[in-house]
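> Attaching a predicted model along with its sequence, questions to come.
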Amino acid sequence: MKIAIVGQQDFGKAVLEAFLARGDEVAGVFCAPEKEGAKADPLKAAAQEKGLRIFQFPSLRNTEALDAMRALNADLGIMAFVLQFAPQEFVKIPKKGTIQYHPSLLPKYRGPSSINWPIIRGDTRTGLSIFRPTDGLDEGPVILQKETPIGPDDTLASVYFDRLFPMGIAAMIEAADLVIGGKDRETVQDEALASYEGWCRAAEAKINWVTHVDFIYNLIRGCNPAPGAWTTLNGKRLQIFDARKHPFRTFGAVKGKIGEISEIGASSFFVAAQGGRVEVLKAKHEDGKKLSASDFVSQNHIAQGTVLGN
């Protein structure tokens, strides 16, 4: 098949390489322009290496973008991690239209941080959808879906890189074959089951130690590695990455007051919360780099009894 790829970052690059590896023709690649001084996007770099036609338009709505897509005469458009808005007049240009990847089980978790939020909310499953893009964000009919469990200690990294990333590449190829072969069955999303969540950024990633340890741990997992759940230490930001949760079983087991570093071990330190403690294994100070807990404690002179977030 002859395809046009619209995307960016490592996922876009991996999708490009997967289609090329099986002999499909990539007529052209659309990437968002890089910010001034930034290095080339991974998808753009891969396309350049393979001598493919590359287009970088500030907007996919302008006449130049539409004309470029028409000139490619592609069978199918492939949208692989796209942050630019793609209007209907753009996505309908290829002969069989365009398909798009989204890392959630649509219609739940429409929006840009759809991997973070299921983990933060304590969901036990997530997945991906390949759908037809419409002018409504993540609202088009679904072609196929793949599901994966979220384990109690999964993080954003493990869910995405270990599962949703490779599953997504395979699903894009499967969906493309269905569409080209005229075997796709498109299901309209059920609006009664739909949800939209915005970005999970620094404001959303702030730890509130007075909430239950379950909520804190889920927030840390859902923000690891980005944007990084955070609190403060002596007025400066402290990000927590790898961690474990330890529920209190009895009143006698309670150690420390809320937000207090109640214990420092050889390879971790413990912070008290409602219902349990968070064992911190990896952290990053505002003025430093990501460190193991033991290195973090020694470099920042952390002492038992220090209160975080005050």
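Looks like it arrived, so ask away.
> The spatially most central residue of the chain: what's it in contact with?
Nearest residue to the geometric centre of the chain (CA atoms, centre = their mean): Ile115, 4.9 Å. Taking CB atoms under 8 Å, 6 or more residues apart in numbering, we find Ile115 in contact with Pro103, Ser104, Thr126, Leu156, Val159, Tyr160, Leu164. All C-beta atoms are positioned from the backbone trio N, CA, C, and that covers glycine.
> same check, this time on Gly151
If a contact means CB under 8 Å, 6+ apart, then Gly151 has Ser158 as its contacts.
> Doesn't it belong to a strand?
No: per DSSP: H, G, I helix; E, B strand; the rest coil, Gly151 lies outside any strand segment and is coil.
> picking that back up, among the contacts of Ile115, which two are most distant?
Distances among these were taken as CB to CB; the most separated pair is Ser104 and Leu156, at 12.9 Å.
> Quick check: phi and psi on Lys146?
For Lys146, the backbone dihedrals (degrees, to the nearest 10) come out as phi -130, psi 140.
> One more: Glu17?
Phi and psi for Glu17, reported as degrees, to the nearest 10, are phi -70, psi -30.
> hey, where'd the helices end up in the stretch 1-150 of the chain?
Here the stretch 1-150 of the chain has its helices, by DSSP state H, counting those that start in this stretch, at 9-21, 42-49, 63-72, 88-91, 116-120.
> With respect to Gly259, which of those lies nearest?
helix 116-120 (19.5 Å).
> Can you name every helix or strand that that closest one contacts?
Packed against helix 116-120 by the contact rule (3 or more CB pairs under 8 Å, 6 or more residues apart in numbering; DSSP states H and E) you find strand 125-131, helix 156-159, helix 213-222.
> Now the phi/psi pair for Ile115, please.
Dihedral angles (degrees, to the nearest 10) for Ile115: phi -90, psi -40.
> Can you add distance to Leu144 and mean neighbour count and give the helices and strands packed on helix 116-120 back as TSV?
TSV is the format used below for the helices and strands packed on helix 116-120 (distance: least, CB to CB, whole Å; neighbours: other CB atoms under 10 Å):
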stretch	distance to Leu144	mean neighbour count
strand 125-131	5	23
helix 156-159	19	19
helix 213-222	25	23
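> Turn these into JSON lines, including distance to Asn234.
Listed next are the helices and strands packed on helix 116-120 as JSON lines, based on distance: least, CB to CB, whole Å:
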{"stretch": "strand 125-131", "distance to Asn234": "37"}
{"stretch": "helix 156-159", "distance to Asn234": "28"}
{"stretch": "helix 213-222", "distance to Asn234": "20"}
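> Tabulate these in TSV, adding columns for mean pLDDT.
Formatted as TSV, these follow (pLDDT from 0 to 100):
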stretch	mean pLDDT
strand 125-131	98
helix 156-159	98
helix 213-222	98
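> mind checking which of these is nearest Thr187?
Across those, closest to Thr187 is strand 125-131 (CB to CB), at 9.0 Å.
> if you skip the residues just before and after it, what's nearest to Pro247?
Nearest residue to Pro247, sequence neighbours excluded (CB to CB, 6 or more residues apart in numbering): Gly276, at 4.1 Å.
> Equivalent analysis for Pro112, please.
Trp199 (5.3 Å).
> Doesn't that neighbour lie inside a strand?
No: going by three-state DSSP, the assignment for Trp199 is coil, not a strand.
> Tally up the residues packed near it, please.
Counted with other CB atoms under 10 Å, the neighbours of Trp199 add up to 12.
> for Cys223, same thing?
So Cys223, with other CB under 10 Å, has 28 neighbours.
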